[in-house]
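Enquirer: Quick one: sequence and predicted model below, then my questions.
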Amino acid sequence: MSSPSPSPASDAPISDRAELVAAIASGEKPRADWRIGTEHEKFGFRLDDLRPPAFDGERGIEALLQGLARFGWDEVREAGRTVALLRAGASVTLEPAGQLELSGAPLEDIHQTCEEVSAHLLEVKTVADELRLGFLGMGFQPKWKRDEMPWMPKGRYRIMRDYMPKVGGLGLDMMTRTCTVQVNLDYASEADMVKKFRVSLALQPIATALFADSPFTEGRPNGYLSYRSHIWTDTDPDRTGMLDFVFEDGFGYERYVDYLLDVPMYFAYRDGTYVDASGQSFRDFLRGALPALPGERPTLRDWSDHMTTAFPEVRLKKYLEMRGADGGPWSRICALPAFWVGLLYDDAALDAAWDLVRDFSLEERHALRDGVPRHALKLPFRGASVRELAIEALKISVAGLRRRGVRNAHGVDETRFLEPLIEFAEAGETPAERKLALFANEWGGDIDRVFREFAY
């Protein structure tokens, strides 16, 4: 979840829907300027008792952020407290319960992405060791109850915390007990955006299946392989889901803007303070009739903030965000951008991926989305299973990365980062299933072992 948009150039009031459309269209870039932005979240825990660290205190999350500042990060403060870090196009931010997120800089290739992730994890481990903290990459907090999770002192989270129970049963779990990895990718034109949006939305359940790693709740198996993905089905129907309209004739920037205008607001940011506008309409804001700020009209900064409060499986801003994967270890943080870059950044691969999904019916797309959280690769599909669909998608991605031909100093191309996913697909076994087997056998039902054996 993003911090408020910082752009001072967007402070002029707007009232015309066309400006909102233009803001998204301004994301168009020629192929030479396409970049890869990778984000990942992780759970912190205290090494002595495995509890998530609070914000305050000598071993708290704020102390961790301030410790990371020694590596050249600039501190971002809210109400005098350090709540984020900025450096060279990247940021370190906090999810509501203190999950630590790296939002990486826009980079040219997956090799650079993995170097960035490695450097970040080394910095985090250096400071975390001093504070006797550890970090775990999974999709859902495996041990602690919702009411045992801390809350970070960020204004937008207070507003969301109050609003979530009004619209869904699991929104507070989404905020406090989930972690994800996602990748943000560019488009050249409206037509290119539409094709990439449709392909990535149809294949998002495949990413969910390959990355499924959230099988435990409060120390026991929960009956799901990606419980994080299931949580989104009972968070807020106004701002989540598969966006069926993306596949309708005529879809483009304007239709997506209309969708966003119908997403209820959470807040507006004024003079360092989050103003509660939960449930109110951005359309009213455009008319100067927002109850929370009567007479005021929004700026492009307000629009940018509002765009971050929609949570569909794929999200459009000035780029496309792939949002379907559970958090995980270094290898899978690198694998997610590799998977999607291979599919979407090569024309032949994009065509092949579209051929793979173009005849999926609305019912089939929803069956994949609804069934994958529980069954992952074993979900039946068209006489076979999601495993076979994943294998085909991975073949297309491998071919796309090979045609990109981006090699590191040792002459190795980006396909190496797909190796963990290929192994999962060929074995028909997700990370979640492997942890469940360990839990039932070697760990003897002791969930604490996951913190020791899978920490970064």
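Expert: Sure thing, it's come through. What you are looking at is a predicted structure, and each value in this text was computed from that prediction instead of being measured.

Enquirer: Would you pull up how far stretch 302-320 lies from the middle of the chain?
Expert: Averaging C-alpha positions (Cα atoms, centre = their mean, to the nearest Å) puts stretch 302-320 11 Å from its chain's average.

Enquirer: Please work out the average pLDDT along it.
Expert: In this model, stretch 302-320 has a mean pLDDT of 98.

Enquirer: Stretch 37-51 now?
Expert: Averaging the model's pLDDT scores along stretch 37-51 yields 98.

Enquirer: which parts of that stretch are buried?
Expert: Residues of stretch 37-51 classed as buried: 37, 38, 39, 40, 41, 42, 43, 44, 45, 46, 50 (neighbour count, 16 or more other Cβ atoms under 10 Å). (Each C-beta comes from the backbone N, C-alpha and C, glycine too.)

Enquirer: With respect to residue 405, which of these is nearest?
Expert: Using Cβ to Cβ, residue 38 comes nearest to residue 405 of these, at 20.4 Å.

Enquirer: any idea which helix or strand comes after the strand or helix carrying that closest one?
Expert: Counting by DSSP states H and E, the secondary-structure element that holds residue 38 is strand 36-46. As assigned by DSSP H and E, the chain's next helix or strand after strand 36-46 is helix 61-68.

Enquirer: That next one to strand 36-46, inter-axis angle?
Expert: Interaxial angle, helix 61-68 versus strand 36-46 (axes from the mean of the first three to the mean of the last three Cα atoms, to 10 degrees): 120 degrees.

Enquirer: And the contacts of the strand or helix carrying residue 255?
Expert: Per DSSP H and E: residue 255 is located in helix 253-262. For helix 253-262, the surrounding residues in contact (Cβ atoms under 8 Å, 6 or more residues apart in numbering) are 17, 20-21, 24-25, 190, 193, 238, 243, 245-246, 248, 281-283, 286, 306-307, 310, 316.

Enquirer: Which positions within that helix qualify as buried?
Expert: By neighbour count, with 16+ other Cβ under 10 Å as the criterion, the buried positions of helix 253-262 are 253, 254, 256, 257, 259, 260, 261.

Enquirer: swap in stretch 63-71?
Expert: Within stretch 63-71, the residues that count as buried by 16+ other Cβ under 10 Å are 63, 64, 65, 67, 68.

Enquirer: ok, the buried residues of stretch 37-51 vs residue 409, which is closest?
Expert: Taking Cβ to Cβ as the measure, residue 409 lies nearest residue 38 of the buried residues of stretch 37-51, at 20.4 Å.

Enquirer: List just the nearest of the buried residues of stretch 37-51 to residue 123.
Expert: Nearest to residue 123 among the buried residues of stretch 37-51, counting by Cβ to Cβ, is residue 42 at 12.9 Å.

Enquirer: Most remote residue from the middle of this structure, which is it?
Expert: The outermost residue of the chain, judged against the average C-alpha position, is residue 295 (34.7 Å), by Cα atoms, centre = their mean.

Enquirer: Can you tell me, leaving aside adjacent residues, what's nearest to that residue?
Expert: Nearest residue to residue 295, sequence neighbours excluded (Cβ to Cβ, 6 or more residues apart in numbering): residue 288, at 5.6 Å.
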